[in-house]
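**Student:** Predicted model and sequence follow; I will ask about them next.
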Amino acid sequence: MSSPLERSLSVLEYLAARPEGRALSAIAQELELPLSACHRVLAELVRCGYVRQMREHGDYALTTKLAALGLSYLGGSGIVDIAQPIIDRLADLSGELVRLAIVDGDRLTFVAKAQGARFGLRYDPDMGIDLRLSCSAGGHAWLMTLPDERALELVVRQGFGDPKDYGPRAPTTWKAVEQALHEDRARGFSVIEEVYAPGMSSMGAPVQRRGEPTIGVITIAGPAIRLTVPRMLELGPALQAAAAELAMASAASPVLARRAAAAVRAG
């Protein structure tokens, strides 16, 4: 990490995953930054309002300024306004957590959700995270629409998810991912059990117009004891119908429409 901008972005990304905050020494050590350089970065981020120090000589944590920027962007893009009614209906039907992620370059990021579970166990992780492509239903739903060479490139670049950080069935080789994608393509949507997290199942379908690149994925996730494989196969047609509806509605979002057009030109 050589430039001040790279260091600043790394600190922001690090703190975004640790809302409780971290001490200066811990941030510097984990990001492999000199203590003095790390302190300068944090001081500048505090001055700009993106980071706060929770008490004198205490831990550093993000303010809501960065989140507000993201929400402002999503609000102006029209993505959530278009997607939310469709997501809400699928959440009500499935009784589980439904989320939408959009393709952003080589990344896949959750931007909208609806919780369908009204009682009992709920699975509801944080939004705004980039999906681990090798071990998430959303990642598989995107990769299954790509040539194997491109899918392999994305997985290798991001790295495989370690089973100790994800689920016990998280694949650690391309061969395992490739086999899963082969089954997903035959089925038309992805299905995973205890891959992204222990005790959790999920499924995903690509948001894609015929003949065009995938612009996002829609997923259903919940406790494996409730969201079993037979239940996911039963929900498959509804998931695919929601993905098709989102693909048709995406033209109303200037951001998604531009992304789709750019992807077509790049292809």
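**Tutor:** Arrived safely, thanks for sending. Numbering: from 1, shown residues only.
**Student:** What backbone torsions are found at Val217?
**Tutor:** When read as degrees, to the nearest 10, the backbone of Val217 gives phi -140, psi 150.
**Student:** correction: Ser201
**Tutor:** The phi/psi pair for Ser201 (degrees, to the nearest 10) reads phi -120, psi 160.
**Student:** Show me what it is bridged to.
**Tutor:** Glu193, Gly222 (DSSP bridges).
**Student:** quick one: low-confidence parts of the stretch 101-250 of the chain?
**Tutor:** 117, 119-129 (pLDDT under 70).
**Student:** got a list of what Leu100 touches?
**Tutor:** Contact analysis of Leu100 by CB atoms under 8 Å, 6 or more residues apart in numbering lists 79, 83, 87, 110-113, 207, 216-219, 246. For every residue, glycine as well, the C-beta is placed using N, CA and C.
**Student:** neighbour-wise, which of the residues you listed leads?
**Tutor:** Compared across the contacts of Leu100, Val217 has the highest neighbour count, 32 neighbours, by other CB atoms under 10 Å.
**Student:** Okay, helices next: where are they in the stretch 151-267 of the chain?
**Tutor:** 174-187, 229-249, 254-266 (DSSP state H, counting those that start in this stretch).
**Student:** In TSV: these, plus distance to Leu12.
**Tutor:** What follows is these, written out as TSV (distance: least, CB to CB, whole Å):
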stretch	distance to Leu12
helix 174-187	30
helix 229-249	30
helix 254-266	22
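**Student:** Pick out whichever of the contacts of Leu100 sits closest to Leu131.
**Tutor:** Taking CB to CB as the measure, Leu131 sits nearest to Phe110 out of the contacts of Leu100, at 7.2 Å.
**Student:** Which members of the contacts of Leu100 are the farthest-apart pair?
**Tutor:** Top of the distance list for the contacts of Leu100 (CB to CB): Ile79 and Thr219, 15.6 Å.
**Student:** Walking through this structure, point out its strands one by one.
**Tutor:** 51-53, 60-62, 97-104, 107-115, 190-193, 200-207, 216-223 (DSSP state E).
**Student:** Quick check: nearest residue in space to Arg18, chain neighbours excluded?
**Tutor:** Closest residue to Arg18 apart from its sequence neighbours, by CB to CB, 6 or more residues apart in numbering: Ala61 at 7.7 Å.
**Student:** closest one to Pro168 among the strands of the chain?
**Tutor:** Judging those by CB to CB, what sits closest to Pro168 is strand 190-193, at 9.9 Å.
**Student:** gap between that closest one and the chain center?
**Tutor:** Remark: strand 190-193 is offset 16 Å from the chain centroid, using CA atoms, centre = their mean, to the nearest Å.
**Student:** Packing partners of it?
**Tutor:** helix 137-143, helix 174-187, strand 200-207, helix 229-249 (3 or more CB pairs under 8 Å, 6 or more residues apart in numbering; DSSP states H and E).
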